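# Let's see this in three dimensions:
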Amino acid sequence: LHDEFNRLGLPYRSTRALYRDRLISEYELADEIIAPSQYVAETFIQQGIPAEKFHIVHNGVDLSRFAAGQHKYDATSNPEKNIFRMIYVGQVIPRKGLHYLIQAMENLALPKSELIIIGRADPAYLSLLKKKIKRANVRFLGHIPQTELWQYYQKSDVFVLPSLADSFGLVVTEA
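Predicted coordinates:
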């Protein structure tokens, strides 16, 4: 990620590195640790945290909000129904790789297409992204309440998550 930030001309700020020692001491003190996957647990175990402390509880979503077909969305009521719509949901930060997604949109130049980006943004990165847009149709919607996200997923044709580094994006399960 440090190299990626340098390529973008942005300062690298890793908050994880600042808290690493404190976190490791807390993990060592803990009697039980919940991890969202075996892979995540293994990364801790490789760092010396005892395997018997771990319990795997996979991430999930409220299916009353995100179940496919649960909500009735009428595509015929959408005046833009002929648009191929891609959606990204998550933080708008360099680690999420949105600069590559926007570049791909620019290169493809798909007619009647748009990319919807939903999430809180780092102001410097958002400014950089907006400068990269020449002809692609990209809309930044900012933060959308969890209770309203389903509408955006259902109005989209494709969900994209171009992350450069992620353990597991809950948005994948939502989508």
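
# shaky segments in the chain?
Scanning the chain for pLDDT under 70 picks out the ranges 15-18, 66-81, 167.

# Where do the helices of it begin and end?
2-8, 15-29, 38-45, 63-66, 98-108, 123-132, 149-154, 170-174 (DSSP state H).

# Give the full set of residues in contact with the closest residue to Ala30 other than its chain neighbours.
The shortest distance from Ala30 to any non-neighbouring residue, by Cβ to Cβ, 6 or more residues apart in numbering, is to Lys53 (6.4 Å). Glycine gets a C-beta too; all of them are placed from N, C-alpha and C. Counting by Cβ atoms under 8 Å, 6 or more residues apart in numbering, Lys53 touches Tyr27, Ala30, Asp31, Glu32, Ile33.

# so of these, which ones are in strands?
Using DSSP state E, the subset of those located in strands is Ile33.

# and the gap between the residue nearest to Ala30 and Arg20?
Lys53 is 18 Å from Arg20, where distance means Cβ to Cβ, to the nearest Å.

# could you dump the contacts of Lys53 to JSON lines with distance to Asp157 and neighbour count?
Formatted as JSON lines, those follow (distance: Cβ to Cβ, whole Å; neighbours: other Cβ atoms under 10 Å):
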{"residue": "Tyr27", "distance to Asp157": "41", "neighbour count": "15"}
{"residue": "Ala30", "distance to Asp157": "43", "neighbour count": "11"}
{"residue": "Asp31", "distance to Asp157": "47", "neighbour count": "5"}
{"residue": "Glu32", "distance to Asp157": "42", "neighbour count": "8"}
{"residue": "Ile33", "distance to Asp157": "39", "neighbour count": "15"}
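
# and the gap between the most centrally placed residue in the chain and Leu29?
Per Cα atoms, centre = their mean, the C-alpha nearest to the average position across the chain is that of Gly90, at 3.6 Å. Applying Cβ to Cβ, the value for Gly90 to Leu29 is 31 Å.

# Distance of Gln145 relative to Leu164?
Actually, residue 145 is Pro rather than Gln. Distance of Pro145 to Leu164, given as Cβ to Cβ: 27 Å.

# Which one's more surrounded, the two?
Each of Pro145 and Leu164 has its neighbours counted (other Cβ atoms under 10 Å); Leu164 has more, 13 against 6.
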